[in-house]
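Visitor: got a sequence here, can you model it:
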Amino acid sequence: MDLDYLIRIGKPMLEGAQTTILLFLIAIVLSIPLGFLCTLAVKSRVKPLSWLAGAYIYVMRGTPLLLQLLFICFGLPMLPVVGEYLVMDRFAAACLGFVLNYAAYFAEIFRGGLLAVDRGQQEAAQVLGLSRWKSMTLVIIPQMFRVALPAVANESVTLVKDTALLYAVAVPELLHFAQTAVNRDSSIAPLFLAGVIYLLMTAVLTLLFKWLERRFKFE
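Guide: Below you'll find the predicted structure:
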């Protein structure tokens with residue numbers, strides 16, 4: 001395999017990887033807090049809010065991410081009356097789709113984390129005279145995040161790989177440049193190189209979460 005060829009095709013692929021990383025960062029930064037808010041909404045005593053949040057989670061987890069991306073990118077502009085106001089840049093539309101989808105998954109992860117916290121913790125906080133808000137922020141939520149961290153790490157790695165779906169909505173990212181090189185040069189080398197780049201990204205992310213797990217004494 002010619003090293004000069006790998007360097008030549010690697011430059012545009014690394015530019016595409018920047019788009020991949022940017023999408024990942026936007027999705028992870030926005031979907032985690034949104035997912036936590038959805039968890040709180042599901043557990044809310046306000047039934048309409050709880051039902052609405054539950055329906056949102058069910059729909060987003062029950063339909064393919066690719067379908068959601070296609071609907072946001074191509075379906076929303078076709079809606080009568082309001083469609084013309086819902087036309088978005090493809091990358092922005094993809095970011096919205098990823099944030100909405102992964103927020104639903106993180107909501108379920110955080111719900112599981114809350115269920116894993118012993119009820120005695122909240123009772124002990126009440127005995128100490130802590131308000132419901134302080135009990136949640138100082139006692140329950142920190143333990144919930146510790147329990148949920150391994151699952152958040154796994155979902156984050158999946159997010160990195162799912163960014164390849166940008167290819168389906170014509171956003172030039174890593175896989176787009178790899179496939180372009182394959183079609184142009186009739187070579188599978190770009191696909192191998194794309195695989196290596198994805199592996200490097202997931203390796204860095206895995207190491208980061210392992211450090212966080214050790215930091216919070218999971219090991």
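Visitor: who are the packing partners of the longest helix along the chain?
Guide: For the chain, the longest helix by residue count, based on DSSP state H, is helix 3-42. Secondary-structure packing of helix 3-42 (3 or more Cβ pairs under 8 Å, 6 or more residues apart in numbering; DSSP states H and E): helix 47-62, helix 90-116, helix 141-162, helix 174-185, helix 189-215. Every C-beta, even on glycine, is put in place using the N, C-alpha and C of the backbone.
Visitor: name the stretch among the ones you listed that sits most buried.
Guide: Across the helices and strands packed on helix 3-42, averaging neighbours per residue (mean count of other Cβ atoms under 10 Å) puts helix 90-116 on top, at a mean of 20.
Visitor: what about the chain, any weak spots by pLDDT?
Guide: Along the chain, the model assigns pLDDT under 70 to residues 1, 120-134, 137-138, 217-219.
Visitor: quick revisit: with distance to Phe36 added, can I get the helices and strands packed on helix 3-42 in JSON lines?
Guide: Output for the helices and strands packed on helix 3-42, formatted as JSON lines (distance: least, Cβ to Cβ, whole Å):
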{"stretch": "helix 47-62", "distance to Phe36": "11"}
{"stretch": "helix 90-116", "distance to Phe36": "5"}
{"stretch": "helix 141-162", "distance to Phe36": "8"}
{"stretch": "helix 174-185", "distance to Phe36": "29"}
{"stretch": "helix 189-215", "distance to Phe36": "17"}
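Visitor: for Leu34, which of those is the nearest?
Guide: Leu34 lies closest to helix 90-116 among those, at 3.9 Å (Cβ to Cβ).
Visitor: could you give the separation of the longest helix of the chain from the chain centroid?
Guide: Centroid separation for helix 3-42 versus its chain: 9 Å, with Cα atoms, centre = their mean, to the nearest Å.
Visitor: got the buried residues for that helix?
Guide: 9-10, 12-13, 16-17, 19-20, 23-24, 26-28, 30-32, 34-36, 38-42 (16 or more other Cβ atoms under 10 Å).
Visitor: before we move on, the earlier item: so which of the helices and strands packed on helix 3-42 is nearest Tyr5?
Guide: Across these, Tyr5 has its closest neighbour in helix 189-215 (6.9 Å, Cβ to Cβ).
Visitor: name the helices or strands packed onto that closest one?
Guide: helix 3-42, helix 141-162, helix 174-185.
Visitor: out of those, flag the one nearest Tyr102.
Guide: helix 3-42 (4.0 Å).
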